[in-house]
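1. Need coordinates for the below:
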Amino acid sequence: MKKQPDYSPVLRKLLRAARIKGDPAATTGNLPAQDPSVDMLLVVTKSQSSRWQGNTAYFTVLDTQSIDSLQSAGASLEGYLFLIEQENKPVKWSISLPAAASYIRLCEHVVDLSEANDPLLQFRGQIYFQELLYELYRIDRQAVHDARTAVEHTREYMESHYAEVMSVKSLAEMAGISPSYYLELFKKIVGRSPIEYLTSVRINAAKRLMEQTEAPAHQIAETVGYKDPFYFSRQFKQATGMSPSRYAERDRNRIAAFHYPMTGQMLALQNIPYAAPLDREFCLFYKHKYEQQIPVHLKDPSMENNMLFNLEALQAGRPDLIIAGDWLPEAGRGELERIAPTLYVPWWEKDWRQHLLIVAQFLGETVQAERWLTQYEIKAATIRSKLKERLRDSSILAIHILNGSIHRFGGRNLGAVLYGDLGLRLPDSQSAEPAYEILSIEQLIALNPDRLLVAIGSDPQARTLWQDLTQMPEWQYMTAVRNRQVQQIQPDPWFDYSAMGHERILRAVIKLFSLDRPS
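-> Okay, the predicted model is just below:
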């Protein structure tokens with residue numbers, strides 16, 4: 001039987017209720033052999049039968065197989081039998097129950113009142129039965145939540161013990177659930193099988209060792225959990241598009257990411273920049289995780305007075321290659337090209353996917369980029385499906401309050417993820433163009449989105465405008481405000497227009513809309 005229902009709880013009409021105390025044949029003797037319009041709920045409190053476990057509730061169809069199995073359980077079986085009017089489609093699933101809980105008392109009430117002659121008491125019995133169903137659904141939801149938590153723990157275990165021998169069976173035992181259910185739940189939560197995930201963890205660990213040491217491939221293979229270096233090499237090439245030796249050689253190239261988005265593009269290709277700017281608020285993740293691995297720290301290249309500092313830092317660091325945006329003035333381009341061969345990514349002509357492929361071609365890693373994009377599309381499709389179920393047709397507007405003005409995000413930057421990759425809906429009359437435009441307070445209120453995402457700048461004018469806006473009576477009447485669907489977002493990762501940035505935005509969306517919790 002399935003461990004979990006695949007439909008939403010609904011009201012079910014009780015047709016019959018009975019106790020089973022040591023003689024199931026007597027209880028079921030006058031039941032029809034089969035009725036496709038009736039479901040059966042069996043709540044077992046005690047049993048020595050291999051088919052029916054104690055402290056378990058079973059939902060199943062009323063058929064010959066179920067009745068025969070119940071009648072043959074013998075004197076060891078005790079519990080309650082309920083026949084229910086079928087809704088939608090036949091169901092087959094089971095719920096493990098605590099040894100002592102309110103469901104036993106409810107079962108007693110339902111049986112007693114179903115036998116009453118007074119129609120009002122029978123009606124009360126129907127109400128108790130709905131309470132019983134509620135209790136069973138509640139217990140089941142908690143069990144699913146606990147199982148999810150256990151699966152997350154096994155994922156964390158893989159990440160810290162990847163060199164150990166593991167199997168689906170051993171991981172399922174660790175989670176306390178059956179291997180088949182563990183495999184099903186792990187795929188649902190993570191998006192791939194446990195072994196596929198373990199392989200990715202091991203390969204990523206191998207990449208880190210190649211970046212930080214000069215250890216030979218066979219030694220790295222053994223360190224990350226592979227006894228056969230040839231199998232490790234095949235797995236590594238399948239995951240990265242290149243052999244371990246080619247990857248290690250590539251990592252020795254010193255590549256500078258002159259502008260912020262180029263850092264996210266390089267990291268998506270498993271390339272840690274040799275030089276990069278890390279000083280803006282939307283680079284906090286890169287700063288915290290990669291600061292020690294990036295030898296040359298540049299400053300915000302959008303500030304003219306930082307240009308001299310950056311050029312001197314690059315001259316001293318002597319990178320092999322430089323990747324920059326094509327908005328750099330001609331004078332700056334000449335200076336960069338005197339330091340190292342430089343790629344200029346066409347910023348406005350191309351979108352972030354094309355930016356990634358251009359960078360990948362420059363670095364000889366087109367295969368890795370294509371694989372990364374394929375994985376991204378799979379993740380985005382999964383989240384898009386969950387969002388559609390959770391948000392229905394709600395409209396969403398993302399705004400940025402900066403320097404005393406309100407700016408609306410269109411189809412670029414974070415809008416590329418929200419409205420493009422995830423298919424969320426802008427308020428009526430709004431289009432994805434332009435990418436970023438100023439809105440008046442009156443225009444914002446008139447748009448009246450169902451949900452509102454707000455990024456607030458650190459400047460005093462932004463904070464003042466936000467305070468004034470939230471005090472306006474018109475603001476209080478907006479749908480998003482009344483329904484408490486106004487959520488603040490931070491520059492990191494939402495302002496990072498790169499492959500790595502957008503993958504992190506997907507993760508932020510899961511958290512923002514609680515997609516990892518039952519709806």
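
2. Tell me the pLDDT of Thr64.
-> Per-residue pLDDT puts Thr64 at 75.

3. low-confidence ranges in the stretch 151-300 of the chain?
-> 250-252 (pLDDT under 70).

4. Could you list the buried residues of stretch 108-116?
-> In terms of neighbour count (16 or more other CB atoms under 10 Å), stretch 108-116 has its buried residues at His109, Val110, Val111, Leu113, Ser114. Where C-beta positions appear, they are placed from N, C-alpha and C, glycine not excepted.

5. what's the closest non-adjacent residue to the third one?
-> Across the structure, with CB to CB, 6 or more residues apart in numbering as the measure, the residue nearest Val111 apart from its sequence neighbours is Ala17 (4.7 Å).

6. Relative to the helix or strand hosting that neighbour, what are the paired strands and their orientations?
-> Assigning secondary structure by DSSP states H and E places Ala17 in strand 14-21. Using DSSP bridges, the strands paired with strand 14-21 are strand 78-85 (antiparallel).

7. Could you pull out the buried residues of the helix or strand just after the partner strand?
-> As assigned by DSSP H and E, the chain's next helix or strand after strand 78-85 is strand 93-96. For strand 93-96, a neighbour-count test (16+ other CB under 10 Å) marks Trp93, Ser94, Ile95 as buried.

8. How far off centre is stretch 357-371?
-> 26 Å (CA atoms, centre = their mean, to the nearest Å).

9. Name the surrounding residues that touch it.
-> Around stretch 357-371, the neighbours that count as contacts under CB atoms under 8 Å, 6 or more residues apart in numbering are 240-242, 250, 253, 255, 262, 265-266, 268-271, 321, 323, 343, 345-346, 350, 356, 373.

10. so where's the chain shaky on pLDDT?
-> Residue ranges of the chain with pLDDT under 70: 1-9, 22-36, 74-75, 87-92, 99-101, 144, 250-252, 429, 517-519.

11. just to revisit the earlier point, test my guess that the residue nearest to Val111 contacts Tyr80.
-> Yes: if you go by CB atoms under 8 Å, Ala17 and Tyr80 touch, sitting 7.0 Å apart.

12. Next, show the common contact partners of those two.
-> Applying CB under 8 Å, 6+ apart, one finds that Ala17 and Tyr80 are jointly contacted by Val110, Val111.

13. isn't Leu113 right up against Tyr128?
-> Yes: with contact defined as CB under 8 Å, Leu113 reaches Tyr128; the gap is 6.5 Å.

14. got any residues that touch both of those two?
-> Residues touching both Leu113 and Tyr128 (CB under 8 Å, 6+ apart): there are none.

15. Mind naming the longest helix for the chain?
-> As assigned by DSSP state H, the longest helix anywhere in the chain is helix 119-160.

16. ok so, going back, what's the residue nearest to Val111 in contact with, if anything?
-> Shown in contact with Ala17 (CB under 8 Å, 6+ apart): Tyr80, Leu81, Phe82, Leu83, Val110, Val111, Ser114, Glu115, Gly125, Phe129.

17. So Gln86 sits against Ser37, correct?
-> Yes: the criterion here is CB under 8 Å, and Gln86 meets it with Ser37 at 5.2 Å.

18. State the distance from the residue nearest to Asp351 when sequence neighbours are not counted to Tyr376.
-> Leaving out its chain neighbours, the residue that sits closest to Asp351 by CB to CB, 6+ apart is Ala416, at 6.8 Å. Here the criterion is CB to CB, to the nearest Å. By it, Ala416 lies 12 Å from Tyr376.
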